[in-house]
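S.K.: Please find the sequence and the predicted model below.
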Amino acid sequence: MGLFISRVVPFLLLAIMPLWAQSSTLFSNTLEALRDTKTVAVDGVPLLSGRLLAEFYAQRGNTLVWTQPAQIAQLQQVVRDSRAEGFDPQDFHAATLRTLSAPDALTTLTPAARIAADLKLSDALLRYVHHTRFGKLDPTEVDPKFNDRDPVPASQLLDDMRGAMEAPDLQHFLATRFQHPFWYTALKNALAQFISPAELADLPPLPTGGKLVKGNRDPRIPLLRERLRVLNGQLITPTALPLPDADLYDAALHAEVVAFQERLGLFPDGIVGPSTLAALNQAGDPVKAEKVRLNLERMRWLFNDLAADYVFVDVANYQAHVVRAGAIAWSTRVIVGAQDSPTPMFRDLMNHVVLNPTWTVPISIQKTMGQVSGHYTVVDRQTGRKFSGGNVSNYKRYRVVQQPGPKNALGRVKFMFPNRHSVYLHDTPNKNLFGRGSRALSHGCVRVQNPLKLAEILLAESGWDRGRIDQVLSGNKTRYVNLQTGLPVLLYYLTAFANNEGKLTFRPDIYGRDQRVTELLAQPVLSARIAFPEATPLLPAAVPAPVDEELDEEPMPDEAPDLNAPPLQAAVRVTQQD
């Protein structure tokens, strides 16, 4: 992913004949130019992926897509409502949408300008489906050392865009196209209580007075409805209020007040008294709002297509949870990486459990070791000869292995989900450390307080009960047990989290990662890392399209455009960004 910066390399002008009847040639040429350019802007508006937009239009016959004003209006509404997800509407070309949604805005454009407008609208939709499903930022750009995620699949983005354009209600489709995990929904709901002052500036505060109780009529009720809608991230329109009973404290409003009280930890009685009134009139907390927003962004990096069953490691809270059917079924304390060896953030698939594991000492630890006892097996890397104990300071020559047993650094069980970090969950003989409040103490792996219970839960479907597990652990023979079904494991670093009751907690930023995310979220995004299974040519080609999966990193054309050609009557300005 690139970030939009000001330096612009020479641009390509694509000329057209002045007649709209021949504009299809311009459109095809424009789309072909987009396909061949990694980072591109149209009329100064950056496009997230020219190649993906070219694929999108190719699937629709290379014709204009945005021909229904109602769809443009719905997209504009979706963008406005994106504040509730922690986004800035400008992430989706909000200003451009306002201009193009005006009456007759598209019908008065020249053919070239009409094509440019269509591309901007499609890019707004692409950015929305990308950012809401995968996050605005690429986690591997935020922190390439400690964040992992595969490139975004182009097929998923294209499916979302096609579904939105073909749905009877674009807005409804985008809101319901996938189910969010409960922890994302809870944190999203908590964001409302920290709404920024600018979003409340146009609303007068609720006046003081008697308590507001369900069934009352009071002239303050319309103001209460408006304020709750803003705090819930909804757009206020003149038709949003029920006119006949605008001053009635009805059951629906009572439910909204109760939900608001629960989110803020107030007594949820639905009565608007002094405490609830003060909370409703609060001007927001932009610092906490930003903390919530950046953690919503982190959540989006890993939650796509998440099954109902998974293991959730909450690194900054030193907890691990087993989630079944979309709800926490069991939890345990964990120990995570220290500040100088932090636990990375990624998602992988657990496929087996090791009972009575050996431990091969990592080189980073072996470097600090000298003479070791007979509890360790030392292997000569050159000859393969094994011996017990000795001086292992020459880590290039010797490999050190600790045999299974109660003193093994991994304890009696480890949970494997192969990854480039060699990070896994495991037991530990040092149980006393779980009593500490701050447990960033390991070399990066995750130590589990109750690993035998975790093994019992995860291996139940494989036909292993606690008795069978204990039988193996009574000896020292290593045993590998495959899970019946691979289980997703999510290692999340979250400094803000809300539970199902709406209680929001903030955690210390133990690894100092928040500032980087905050800085990048404030900047426009120029491009995305997208994987394409194969290319679909827009124009007849002599060479077949490649079939190997590739990233959105195409080389520039060998032949440069003729920048000295005389200007023609109309053109789509396609600018490559660097």
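M.R.: Cool, the structure landed. Quick caveat: nothing in here was measured; it's all calculated off a predicted structure.
S.K.: In the stretch 101-250 of the chain, mark out all the helices, start to finish.
M.R.: Along the stretch 101-250 of the chain, counting by DSSP state H, counting those that start in this stretch, helices occupy 111-134, 139-142, 154-166, 170-176, 182-191, 221-231.
S.K.: Compare those and say which comes out lowest on pLDDT.
M.R.: If the helices of the stretch 101-250 of the chain are sorted by mean pLDDT, helix 221-231 sits at the bottom with a mean of 86.
S.K.: Summarise which helices and strands that one is packed against.
M.R.: Other elements packing on helix 221-231 under the criterion 3 or more Cβ pairs under 8 Å, 6 or more residues apart in numbering; DSSP states H and E are helix 251-264, helix 274-281. To be clear about C-beta, it is placed using only N, CA and C from the backbone, and glycine gets the same treatment.
S.K.: I'd like the distance from the last one to the chain centre, please.
M.R.: I take that to be helix 274-281. Helix 274-281 sits 33 Å away from the centroid of its parent chain (Cα atoms, centre = their mean, to the nearest Å).
S.K.: And the strands in the stretch 251-400 of the chain?
M.R.: Ranges of strands in the stretch 251-400 of the chain, per DSSP state E, counting those that start in this stretch, are 310-314, 319-324, 327-337, 346-355, 359-360, 371-380, 386-391, 398-402.
S.K.: Could you tell me the least trusted of the ones you listed?
M.R.: Comparing the strands of the stretch 251-400 of the chain on mean pLDDT, the least confident stretch is strand 386-391, scoring a mean of 84.
S.K.: what's the closest of the helices and strands packed on helix 221-231 to N500?
M.R.: helix 251-264 (10.3 Å; Cβ to Cβ).
S.K.: Give me the nearest residue to the most centrally placed residue in the chain, chain neighbours excluded.
M.R.: Geometric centre of the chain, nearest residue: R300, 1.6 Å, by Cα atoms, centre = their mean. Using Cβ to Cβ, 6 or more residues apart in numbering and skipping the chain neighbours, the partner closest in space to R300 is G135 (3.7 Å).
S.K.: ok, how many other residues are close to that neighbour?
M.R.: Using other Cβ atoms under 10 Å, G135 is surrounded by 24 other residues.
S.K.: same question, D314
M.R.: 20.
S.K.: How about N482?
M.R.: Burial of N482 is recorded as 12 neighbouring residues (other Cβ under 10 Å).
S.K.: V401 is nearest to which of the helices and strands packed on helix 221-231?
M.R.: helix 251-264 (51.9 Å).
S.K.: The closest one versus helix 221-231: what angle between them?
M.R.: 50 degrees (axes from the mean of the first three to the mean of the last three Cα atoms, to 10 degrees).
S.K.: Give me the helices and strands touching helix 251-264, please.
M.R.: Judged by 3+ Cβ pairs under 8 Å, 6+ apart, helix 251-264 is in contact with helix 221-231, helix 274-281.
S.K.: contacting residues for L223?
M.R.: Residues counted as contacts of L223 (Cβ atoms under 8 Å, 6 or more residues apart in numbering) are L203, P204, L206, P207.
S.K.: State the distance from the second one to G210.
M.R.: Counting by Cβ to Cβ, to the nearest Å, the gap between P204 and G210 amounts to 18 Å.
S.K.: tell me the domain ranges of the protein?
M.R.: Using automatic domain parsing, the domains assigned to the chain come out as 12-177+533-576, 197-283, 307-515.
S.K.: before we move on, back to that, and among the helices of the stretch 101-250 of the chain, the most buried is which?
M.R.: Sort the helices of the stretch 101-250 of the chain by mean neighbour count, taking mean count of other Cβ atoms under 10 Å, and helix 111-134 sits at the top with a mean of 22.
S.K.: need the contact list for H131.
M.R.: F87, D91, F92, R300.
S.K.: Could you report the separation of it from L26?
M.R.: 30 Å.
S.K.: Over to L487?
M.R.: 52 Å.
S.K.: do A531 as well
M.R.: A531 sits 30 Å away from L26, going by Cβ to Cβ.
S.K.: quick one: low-confidence ranges for the stretch 1-150 of the chain?
M.R.: Low-confidence segments of the stretch 1-150 of the chain (pLDDT under 70): 1-23.
S.K.: ok, now with 90
M.R.: 1-40, 43-44, 103-104 (pLDDT under 90).
S.K.: hey, where'd the strands end up in it?
M.R.: With DSSP E, counting those that start in this stretch as the criterion, the stretch 1-150 of the chain has strands spanning 12-16, 40-42, 45-47.
S.K.: need the contact list for the nearest residue to R324 once chain neighbours are set aside.
M.R.: Distances taken as Cβ to Cβ, 6+ apart put D309 closest to R324, at 5.4 Å, once the chain neighbours are dropped. Contacts were defined as Cβ under 8 Å, 6+ apart; by that measure D309 touches V323, R324, A325, L487, P488.
S.K.: Can you say which of the residues you listed are buried?
M.R.: Buried members of those, counted by 16 or more other Cβ atoms under 10 Å: V323, L487, P488.
S.K.: give me the beta-bridge partners of the second one?
M.R.: Read that as L487. Bridge pairing for L487 (DSSP bridges) gives the partners M350.
S.K.: confidence score at it?
M.R.: Listed pLDDT for L487 reads 97.
S.K.: I'd like the numbering to begin with 361 instead of 1 from here.
M.R.: Happy to do that; since the first residue is 361 now, the last one works out to L847.
S.K.: Assess the claim that it and D708 are in contact.
M.R.: No: in this structure L847 lies outside contact range of D708 using Cβ atoms under 8 Å: 9.9 Å.
S.K.: The closest residue in space to G750 that isn't next to it in sequence: neighbouring residues, count only.
M.R.: Using Cβ to Cβ, 6+ apart and skipping the chain neighbours, the partner closest in space to G750 is V738 (5.3 Å). Applying other Cβ under 10 Å, we find 20 other residues in the vicinity of V738.
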